[in-house]
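Participant: need a structure here:
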Amino acid sequence: MRKLLLIIGLIAFIATCSAQDKKSLQLKHNNHKDSIEYELIIFDIGFDSWFITRDNESNKRSIKYYELKNQIYVAEWNRLYRAGRREFDCSINYESTTNYGFDLNYKLYMYFKYFEEKNKIKLIHP
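Facilitator: Numbers count the residues shown, from 1 in each chain. Below is the predicted model of the structure:
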(Lines give C-alpha, C1' and ligand atoms only; values in the text may rest on other atoms or scores of the structure.)
Protein backbone atom coordinates (compact mmCIF):
# COMPACT_ATOMS: atom_id res chain seq x y z
CA MET A 1 0.00 0.00 0.00
CA ARG A 2 2.86 2.39 0.85
CA LYS A 3 4.47 1.78 -2.56
CA LEU A 4 1.15 2.42 -4.27
CA LEU A 5 0.77 5.75 -2.45
CA LEU A 6 4.34 6.68 -3.34
CA ILE A 7 3.75 5.85 -6.98
CA ILE A 8 0.49 7.83 -7.05
CA GLY A 9 2.24 10.77 -5.41
CA LEU A 10 5.03 10.67 -7.94
CA ILE A 11 2.65 10.49 -10.86
CA ALA A 12 0.88 13.55 -9.45
CA PHE A 13 4.21 15.42 -9.42
CA ILE A 14 3.04 17.68 -12.21
CA ALA A 15 -0.54 16.54 -12.67
CA THR A 16 -1.87 20.07 -12.69
CA CYS A 17 0.21 20.84 -15.76
CA SER A 18 -0.87 17.97 -17.95
CA ALA A 19 -3.32 19.95 -20.08
CA GLN A 20 -1.29 23.13 -20.50
CA ASP A 21 1.24 24.12 -23.16
CA LYS A 22 3.39 25.76 -20.50
CA LYS A 23 4.06 22.56 -18.61
CA SER A 24 7.72 22.30 -17.85
CA LEU A 25 8.50 19.37 -15.57
CA GLN A 26 7.35 15.80 -15.17
CA LEU A 27 8.68 13.13 -12.84
CA LYS A 28 8.29 9.62 -14.16
CA HIS A 29 9.03 6.37 -12.35
CA ASN A 30 9.92 2.98 -13.71
CA ASN A 31 9.38 -0.13 -11.60
CA HIS A 32 12.06 -2.80 -11.95
CA LYS A 33 11.16 -5.71 -9.67
CA ASP A 34 12.57 -4.51 -6.33
CA SER A 35 13.61 -0.98 -7.28
CA ILE A 36 12.07 2.20 -8.58
CA GLU A 37 13.89 4.46 -11.02
CA TYR A 38 12.93 8.09 -11.47
CA GLU A 39 13.15 10.17 -14.61
CA LEU A 40 12.76 13.92 -14.86
CA ILE A 41 11.21 15.03 -18.13
CA ILE A 42 11.48 18.72 -18.95
CA PHE A 43 9.17 20.01 -21.65
CA ASP A 44 10.69 23.46 -21.99
CA ILE A 45 12.25 23.29 -25.46
CA GLY A 46 15.10 25.65 -24.62
CA PHE A 47 16.34 23.67 -21.64
CA ASP A 48 18.24 20.90 -23.43
CA SER A 49 20.53 23.23 -25.40
CA TRP A 50 21.02 25.43 -22.32
CA PHE A 51 21.82 22.35 -20.22
CA ILE A 52 24.38 20.98 -22.68
CA THR A 53 26.36 24.22 -22.55
CA ARG A 54 26.44 24.17 -18.74
CA ASP A 55 26.63 20.47 -17.92
CA ASN A 56 30.02 20.75 -16.26
CA GLU A 57 28.88 21.61 -12.76
CA SER A 58 27.86 18.08 -11.73
CA ASN A 59 31.31 17.20 -10.49
CA LYS A 60 31.52 20.29 -8.29
CA ARG A 61 28.83 19.39 -5.75
CA SER A 62 27.57 16.39 -3.80
CA ILE A 63 24.14 14.79 -4.05
CA LYS A 64 23.33 16.24 -0.60
CA TYR A 65 24.01 19.74 -1.94
CA TYR A 66 21.56 19.25 -4.83
CA GLU A 67 18.95 17.61 -2.59
CA LEU A 68 19.05 20.50 -0.11
CA LYS A 69 18.94 23.14 -2.83
CA ASN A 70 16.04 21.37 -4.56
CA GLN A 71 14.07 21.29 -1.31
CA ILE A 72 14.49 25.06 -1.01
CA TYR A 73 13.73 25.68 -4.69
CA VAL A 74 10.63 23.47 -4.61
CA ALA A 75 9.31 25.18 -1.47
CA GLU A 76 9.69 28.61 -3.07
CA TRP A 77 8.31 27.42 -6.42
CA ASN A 78 5.21 26.01 -4.72
CA ARG A 79 4.78 29.17 -2.63
CA LEU A 80 4.79 31.30 -5.78
CA TYR A 81 2.44 28.87 -7.53
CA ARG A 82 -0.04 29.08 -4.64
CA ALA A 83 0.27 32.87 -4.76
CA GLY A 84 -1.02 32.75 -8.34
CA ARG A 85 2.13 33.87 -10.15
CA ARG A 86 1.53 33.08 -13.81
CA GLU A 87 5.13 31.95 -14.42
CA PHE A 88 4.49 28.99 -12.11
CA ASP A 89 1.84 26.93 -13.84
CA CYS A 90 2.00 23.85 -11.61
CA SER A 91 3.09 22.70 -8.19
CA ILE A 92 5.96 20.29 -7.63
CA ASN A 93 5.64 17.28 -5.35
CA TYR A 94 9.27 16.66 -4.39
CA GLU A 95 9.64 14.35 -1.41
CA SER A 96 12.79 15.08 0.60
CA THR A 97 12.77 11.52 1.99
CA THR A 98 12.79 9.90 -1.47
CA ASN A 99 16.09 8.92 -3.03
CA TYR A 100 15.77 10.26 -6.57
CA GLY A 101 19.45 9.72 -7.28
CA PHE A 102 22.22 12.10 -8.28
CA ASP A 103 21.29 12.59 -11.94
CA LEU A 104 17.67 13.57 -11.30
CA ASN A 105 18.58 15.91 -8.46
CA TYR A 106 21.29 17.54 -10.55
CA LYS A 107 19.01 17.98 -13.57
CA LEU A 108 16.19 19.41 -11.42
CA TYR A 109 18.63 21.85 -9.81
CA MET A 110 19.86 22.89 -13.25
CA TYR A 111 16.27 23.37 -14.42
CA PHE A 112 15.71 25.83 -11.59
CA LYS A 113 18.88 27.68 -12.66
CA TYR A 114 17.65 27.72 -16.26
CA PHE A 115 14.23 28.97 -15.18
CA GLU A 116 15.80 31.79 -13.17
CA GLU A 117 17.99 32.85 -16.08
CA LYS A 118 15.27 32.57 -18.72
CA ASN A 119 12.65 34.45 -16.70
CA LYS A 120 15.03 36.86 -14.93
CA ILE A 121 13.59 35.70 -11.60
CA LYS A 122 15.71 34.83 -8.59
CA LEU A 123 13.88 32.03 -6.75
CA ILE A 124 16.34 31.69 -3.88
CA HIS A 125 19.37 33.63 -2.74
CA PRO A 126 22.65 31.86 -1.97
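
Participant: ok but residue 93 is inside a helix, no?
Facilitator: No - Residue 93 sits outside any helix when classified using DSSP: H, G, I helix; E, B strand; the rest coil, being coil.

Participant: Next up, the contacts around residue 50.
Facilitator: The contact partners of residue 50, taken as Cβ atoms under 8 Å, 6 or more residues apart in numbering, are 114, 117, 118. The C-beta positions use only the backbone N, C-alpha and C, and glycine is treated the same way.

Participant: Looking at it now. What's its pLDDT?
Facilitator: For residue 50, the pLDDT comes out at 95.

Participant: in the helix or strand in which it is found, what counts as buried?
Facilitator: Taking DSSP states H and E as the criterion, residue 50 maps to helix 47-54. For helix 47-54, burial by neighbour count (16 or more other Cβ atoms under 10 Å) applies to 47, 50.

Participant: quick one: that helix to chain centroid distance?
Facilitator: 16 Å (Cα atoms, centre = their mean, to the nearest Å).

Participant: could you point out which element follows it?
Facilitator: Toward the C-terminus from helix 47-54 - assigned by DSSP H and E - lies helix 63-82.

Participant: Make sure residue 37 is indeed in a strand.
Facilitator: Yes - applying three-state DSSP, one finds residue 37 inside a strand.

Participant: Roughly how far does it sit from residue 74?
Facilitator: Per Cβ to Cβ, to the nearest Å, residue 37 is found 20 Å from residue 74.

Participant: All good on my end, thank you.
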